[in-house]
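In: coords below, sequence missing:
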C-alpha cells in the first residue's frame, strides 16, 4: 500500500528551466493538494484539486501550473524556475474536505 | 486572514519529562483544528482533529485539547521516539476542500 508517491525526490535546476513534479495516490481519494515548505514559513498551499477535473489556486500559486490528469494523479509544473522556488514540495490527498491529509515524502527542489 | 502561531519553536525534554506545546489561532469560523507529526525528511502524518472548544483527543502519550483561541498538545512521559516536529493547522468554515493554514511547527527533542 504505497499511499502518496512523489517523483522525483531530488532535483537541481538552473534559473529559467522547466520541470514537472509528479504525484500519484492509490487510496481512491477525491481531493489532492500541492504544498511547499520553507524554513520560517511553514507549509503553504500552492494549488489543489477538490475532485477530478477541477483545480483551484491556493495561497502561493504564482509561477506554477497544475494538471489533474485523472483521479489518481496530480502534477505540478514550473514553467520557468526561479531561485525563490527552491523549496520542499509536498503532495497530499484526502477523501474530500476532511482535513485529514495523507502526504507524500516530498520533492526537494533547488534552483540555482 | 487565518493565522496559526505555534510555541515554543523548539523544545528539549528529558525522557519522562512531561510538557505541552501551544497552538494559537485566529480564523473566521473554525471548521477544524488539526495536529500533525513530521519526522526529518518525511511528509507530515495526521494525528488529531478537534472541532469544538472543550474537545479532547488522546493517542498513546499525546493528548490534544481545544479552546476558542488555542490548542495544546500535551505529551506525558515522552520517549525518544516522540522526537519530531509537531504541526498545527486550522480549516475555516467557508473554505472549500481541505484548505488548511499551517503553523511553523514546534521541533521536539526527547533525550534518553
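Out: Yep, that arrived. The structure presented is a predicted model; accordingly, all values stated were derived computationally and were not measured.
In: and the helix or strand where residue B:48 lies, which residues are buried?
Out: Using DSSP states H and E, residue B:48 maps to strand B:45-50. Within strand B:45-50, the residues scored as buried using 16 or more other Cβ atoms under 10 Å in any protein chain shown are B:46-50. C-beta here means a position set from N, CA and C on the backbone, and glycine is covered the same way.
In: ok, it near chain A or not?
Out: Yes: using Cβ under 8 Å from any Cβ of the partner chain, strand B:45-50 reaches chain A at B:45-46, B:49.
In: Return the member of the residues you listed nearest to residue B:94.
Out: residue B:49 (18.0 Å; Cβ to Cβ).
In: Quick one: name the residues of chain B near chain A.
Out: Proximity of chain B to chain A, by Cβ under 8 Å from any Cβ, involves residues B:4, B:31-32, B:34, B:36, B:41-46, B:49, B:87, B:89, B:91, B:96-100, B:102-105.
In: Can you flag the buried ones in the residues you listed?
Out: Buried, going by 16+ other Cβ under 10 Å: B:4, B:31-32, B:34, B:36, B:43-44, B:46, B:49, B:87, B:89, B:91, B:97-100, B:102-105, out of the residues of chain B next to chain A.
In: Give the other helices and strands that the helix or strand of chain B with the lowest mean pLDDT contacts.
Out: Using mean pLDDT, DSSP states H and E, the weakest-scoring helix or strand in chain B turns out to be strand B:100-102, at a mean of 94. Applying 3 or more Cβ pairs under 8 Å, 6 or more residues apart in numbering or on different chains; DSSP states H and E, we find strand B:100-102 packed against strand A:42-49, strand B:3-7, strand B:84-92.
In: what about the strands in the chain?
Out: Going with chain A. A:4-7, A:10-13, A:19-25, A:31-38, A:42-49, A:56-57, A:64-68, A:74-78, A:87-94, A:102-103, A:107-111 (DSSP state E).
In: other chain: chain B
Out: B:3-7, B:10-14, B:19-26, B:30-38, B:45-50, B:56-59, B:62-66, B:70-75, B:84-92, B:100-102, B:106-111.
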